[in-house]
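In: Give me the fold of what follows.
(one chain, ligands or ions: 2)
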Amino acid sequence: MITIALSKGRIFEETVPLLAAAGIVPAEAPEASRKLIIGTNHPDVRLIIVRATDVPTYVQYGAADLGVAGKDVLLEHGGAGLYVPLDLEIARCKLMVAVQNGFDYEGAVKQGARLRVATKYTECAREHFAGKGVHVDLIKLYGSMELAPLVGLADAIVDLVSTGGTLKANNLVAVEDVRDISSRLIVNQAALKLKQDRLQPIIDTFAATVAARRD
Ligand code: PRT
Ligand code: MG
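Out: Ligands and ions are numbered 1, 2, ... in the order given. I've put the predicted structure just below:
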């Protein structure tokens with residue numbers, strides 16, 4: 001049995017074409033049912049639907065052989081026990097620093113002010129501000145970071161931005177790039193050895209499909 005861990009939403013949707021290239025077709029969409037285990041056209045290939053932040057954990061412990069996870073999630077998770085052979089170049093976005101419209105971020109940084117920063121991405125944020133020599137108090141949040149500057153919880157947020165629509169709708173502006181984000185294929189290291197004959201062709205097909213999209 002080959003088990004592939006995916007999160008529903010953009011990662012599932014953008015992984016379906018890669019699976020199709022490898023001849024794997026899900027029996028149903030996760031939105032269509034409440035099932036957490038979804039079969040495919042191959043009796044020995046199944047998909048499991050987990051929270052985006054839980055994908056590395058399922059793969060790390062071998063409950064899934066393969067998974068697709070955002071670089072943001074992998075940076076926070078740490079990546080122990082995972083082989084990360086491929087940037088799938090899907091679910092692209094940017095990790096950015098944003099502030100309320102009118103807040104003088106540059107000025108605050110120049111003055112050496114201590115900034116309060118709310119984020120789900122504390123590891124990435126810590127590294128980013130340490131690299132700039134900016135002192136920050138990090139406030140861990142699990143969602144809706146955009147609210148924090150509006151109600152005085154934080155001076156700034158570190159969050160993912162794709163269209164910019166969420167920032168705009170909440171009177172926030174991006175002031176700094178932290179890093180580009182895309183989703184990666186992750187593989188359980190033991191499974192790669194034990195099931196190489198089944199896993200390697202899938203990895204190779206994903207790689208070829210990603211490369212073909214670039215040209
Ligand atoms: O949503 P849920 O709480 O269940 O979990 P999740 O947010 O971890 O999962 P999901 O499926 O939303 O995201 C999975 C992965 O997609 C992330 O780990 C990222 O690598 C990637 N990704 C790509 C994004 C975005 N684009 C994105 N825009 N993840 C989240 N967002 C959010 C962002 O946090 C912000 O709230 O969308 C909002 C901004 O979007 P724009 O288009 O308004 O800029
Ligand atoms: Mg989300």
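In: Can you name the helix or strand that Arg126 falls in?
Out: helix 122-132 (DSSP states H and E).
In: quick one: contacts of that helix?
Out: For helix 122-132, contacts defined as CB atoms under 8 Å, 6 or more residues apart in numbering pick out 72, 75-76, 95, 97, 109, 115, 117, 119, 135-136, 138, 140, 158, 178-179. In this view, the C-beta of every residue, glycine as well, is placed from N, C-alpha and C.
In: Now with 6 Å, please.
Out: The contact list for helix 122-132 (CB atoms under 6 Å, 6 or more residues apart in numbering) reads Leu75, Glu76, Leu95, Val117, Thr119, Val136, Leu138, Lys140, Val158, Val178.
In: show me the contacts for the fourth one.
Out: With contact taken as CB under 6 Å, 6+ apart, Val117 is in contact with Ala125, Val136, Leu138, Ala154, Ala156.
In: now, which of those sits nearest ligand 1?
Out: Ala125 (13.5 Å; CB to the nearest ligand atom).
In: nearest residue to that closest one other than its sequence neighbours?
Out: Val158 (4.3 Å; CB to CB, 6 or more residues apart in numbering).
In: Run through the bridge partners of that neighbour.
Out: Counting by DSSP bridges, Val158 is bridged to Val97, Thr119.
In: Now do it against ligand 1, distance only.
Out: Taking CB to the nearest ligand atom, to the nearest Å as the measure, Val158 falls 10 Å from ligand 1.
In: Check the gap between that residue and Lys140 for me.
Out: 11 Å (CB to CB, to the nearest Å).
In: before we move on, what about Val173?
Out: 23 Å.
In: now Cys124
Out: Applying CB to CB to Cys124 and Lys140 gives a distance of 12 Å.
In: got the buried residues for stretch 201-210?
Out: Ile202, Ile203, Thr205, Phe206, Ala207, Thr209, Val210 (16 or more other CB atoms under 10 Å).
In: Tell me the secondary structure at the fourth one.
Out: Same thing as Phe206. Following DSSP: H, G, I helix; E, B strand; the rest coil, the label given to Phe206 is helix.
In: which residue sits closest to it, ignoring its sequence neighbours?
Out: In space, Phe206 is closest to Leu18, 5.1 Å off (CB to CB, 6+ apart).
In: which residues does Val136 contact?
Out: Per CB under 6 Å, 6+ apart, neighbours of Val136: Leu115, Val117, Phe129.
In: Export the residues you listed to a markdown table and append columns for distance to ligand 1.
Out: Shown next, in a markdown table, are the contacts of Val136 (distance: CB to the nearest ligand atom, whole Å):
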| residue | distance to ligand 1 |
| --- | --- |
| Leu115 | 20 |
| Val117 | 15 |
| Phe129 | 19 |
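In: ok, and the closest non-adjacent residue to whichever residue of the chain sits closest to ligand 1?
Out: Proximity of the chain to ligand 1 (CB to the nearest ligand atom) peaks at Gly70, 2.1 Å away. Spatially, and ignoring its direct neighbours in sequence, Gly70 is nearest to Ser183 (5.1 Å; CB to CB, 6+ apart).
In: pLDDT wise, what is the residue of the chain closest to ligand 1 at?
Out: You'll see Gly70 listed with a pLDDT of 98.
In: Would you list the phi and psi of it?
Out: With angles defined as degrees, to the nearest 10, Gly70 sits at phi -60, psi 150.
In: now swap in the one 10 residues further on and tell me
Out: With angles defined as degrees, to the nearest 10, Ala80 shows backbone torsions of phi -60, psi 140.
In: Done for today, thanks.
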